[in-house]
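*Asks:* Predicted model, plus sequence, below.
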Amino acid sequence: QLQLVESGGGLVQPGGSLRLSCTASGFTLADQPIGWFRQAPGKEREGVSCVSSSDGSTYYADSVKGRFTMSRDNAKNTVYLQLNSLKPEDTAVYYCAARPRVAKLCVLSTNGYAYYGQGTQVTVSS
């Protein structure tokens with residue numbers, strides 16, 4: 001059974017940092033494009049970052065570029081999202097998701113992502 005589990009969320013003050021983890025079971029993360037998404041109350045889910053399986057290229061939404069970094073530990077079958085310089089507008093539930101293996105390329109839209117984790121809450125507040 002394919003499963004994604006996120007962890008690492010929490011409450012942090014503006015300017016603080018968090019590292020989110022996404023661990024897979026039932027498949028190999030490195031073989032599939034992986035994306036990080038977030039959804040704030042009353043808003044649509046938006047793409048934050050993603051990594052392609054074809055060459056490991058990473059992409060970021062303009063709103064997080066320079067502050068968030070996505071990485072992968074193949075030995076642990078885990079991807080990470082390092083969140084730095086957090087702002088109140090970063091408050092949301094963060095999800096990781098996987099596209100089918102044949103896709104190879106990631107996208108920052110929700111289209112084409114077949115598997116989602118349950119999400120982890122990130123709250124940025126003083």
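*Replies:* Now that the structure is in, tell me what you want to look at. Numbering: from 1, shown residues only.

*Asks:* now T91: how far from G10?
*Replies:* 11 Å (Cβ to Cβ, to the nearest Å). For glycine as for every other residue, the C-beta is placed from the backbone atoms N, C-alpha and C.

*Asks:* Which one's more surrounded, these two?
*Replies:* T91 (17 against 13; other Cβ atoms under 10 Å).

*Asks:* Please verify my assumption that the more buried one contacts K43.
*Replies:* No. Using Cβ atoms under 8 Å as the test, T91 is too far from K43 to be in contact (10.5 Å).

*Asks:* that older thread, intersection of neighbour lists for T91 and G10?
*Replies:* Both T91 and G10 are contacted by 122-123, under the criterion Cβ atoms under 8 Å, 6 or more residues apart in numbering.

*Asks:* Where do the strands of this structure begin and end?
*Replies:* 3-7, 10-12, 18-25, 34-39, 46-51, 58-60, 68-73, 78-83, 92-98, 115-116, 120-124 (DSSP state E).

*Asks:* any idea which of these scores lowest on pLDDT?
*Replies:* Mean pLDDT is lowest for strand 115-116 out of the strands of the chain, coming in at a mean of 92.

*Asks:* Show me what the residue positioned nearest the centre of the chain is bridged to.
*Replies:* Ranked by distance to the mean C-alpha position of the chain (Cα atoms, centre = their mean), the top residue is W36 at 2.2 Å. Under DSSP bridges, the beta-bridge partners of W36 are S49, C96.

*Asks:* related to what we said a few turns ago, which one of the strands of the chain lies nearest to C106?
*Replies:* strand 46-51 (3.4 Å; Cβ to Cβ).
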